[in-house]
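*Asks:* Next one to model:
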Amino acid sequence: MHDRTSAPVGIITGAGSGIGAAVARQLSDDGWRLVLTGRRPGPLYAVADAIEAIVLPGDVRSETHCTALVDAAIETYGRLDGVVLNAGITLPGRVDQTSPEQWRLVLDTNLTGPFLLCRAALGPLRSSRGAIVAVASIAATVAGPELAAYGVAKAGLLRLMQSIAVDFGPAGVRANTVNPGWIRTEMADAEMEALIGTSGATLDETYERVTRYVPARRPGSAGEAAAAVAWLMSAQASYVNGAIVTVDGGAAVVDAGMVTFGVKPADGKLSS
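*Replies:* Okay, here's the model as predicted:
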């Protein structure tokens, strides 16, 4: 049994679904007391019903909301030990297809919001020698087509964590990044639906197609990404700071040029 009165306290953004909800469940199982936030109250309360958590719906683009999240943790539990930056959106488009308004929306949600929450949380995190984990994407380090704003925002999020690691590591704060590849979530399902278009393919067939050259030959689960986040939040990762943990089944290490010659699946037969 965990001693809940002395258990660590964390804030999770984008906690109503997908990786954020999986992180909430995993950290709760690990003994954390949590403050959950997101823009949709319904899913947040559904997650909170099964764990010990308080819910504060809102938008991380708001400095006032970010301050309120930290205040809620301190006022309710008396401390803050960790922050998981999971809230994010994607709007596909090349640079010439992306309006200034779309650009600002993606960067404000995926990068400025995390900056605002980190800024509000760093005081208590210095006191607790706490941890920050950002959920970015392999799009932070490899470029995909028509992902200009999203890729730039996620790359910036990675560097934000590294900057905090350098500046606040001497005070005991750790800041790390998890870079997921294709993780099967509600958000990824919506992206799959867009890729399907009028092709008539099923959701499963489209996931199989986009992971065809991924060494694992499948998308990941939200629980697999959450396990990496939970480890980085734990004392087991006490000497890990400024790191990028990639959870992509090996996608980012594939030689894009060589895959045109075919790959060998698990049965050893060459396909192209």
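*Asks:* residues making contact with the top strand by length along the chain?
*Replies:* In the chain, assigned by DSSP state E, the strand with the most residues is strand 174-180. Strand 174-180 is contacted by residues 19, 118, 130-138, 140-141, 157-158, 160-162, 164-165, 168-169, 220, 225, 228-229, 232, 237-238, 240-248, 252 when judged by Cβ atoms under 8 Å, 6 or more residues apart in numbering. Heads up, the C-betas are built off the backbone N, CA and C, glycines and all.
*Asks:* so where's the stretch 101-250 of the chain shaky on pLDDT?
*Replies:* Scanning the stretch 101-250 of the chain for pLDDT under 70 picks out the ranges 198.
*Asks:* what element comes up after the longest strand of the chain heading to the C-terminus?
*Replies:* For strand 174-180, the following helix or strand on the C-terminal side (DSSP states H and E) is strand 183-184.
*Asks:* returning to what we had before: quick check: neighbours of the longest strand of the chain in the sheet, parallel or antiparallel?
*Replies:* strand 131-135 (parallel), strand 244-247 (parallel) (DSSP bridges).
*Asks:* Need the winner for burial among these.
*Replies:* Sort the strands paired with strand 174-180 by mean neighbour count, taking mean count of other Cβ atoms under 10 Å, and strand 131-135 sits at the top with a mean of 28.
*Asks:* Buried residues in the longest strand of the chain, which are they?
*Replies:* Using 16 or more other Cβ atoms under 10 Å as the test for burial, strand 174-180 gives 174-180.
*Asks:* can you map out the strands along this protein?
*Replies:* Going by DSSP E, the chain shows strands at 9-12, 33-36, 53-55, 82-85, 131-135, 174-180, 183-184, 220-221, 244-247.
*Asks:* For those strands, give me CSV that also has distance to residue 109.
*Replies:* Shown next, in CSV, are these (distance: least, Cβ to Cβ, whole Å):
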stretch, distance to residue 109
strand 9-12, 16
strand 33-36, 17
strand 53-55, 19
strand 82-85, 11
strand 131-135, 13
strand 174-180, 17
strand 183-184, 18
strand 220-221, 23
strand 244-247, 21
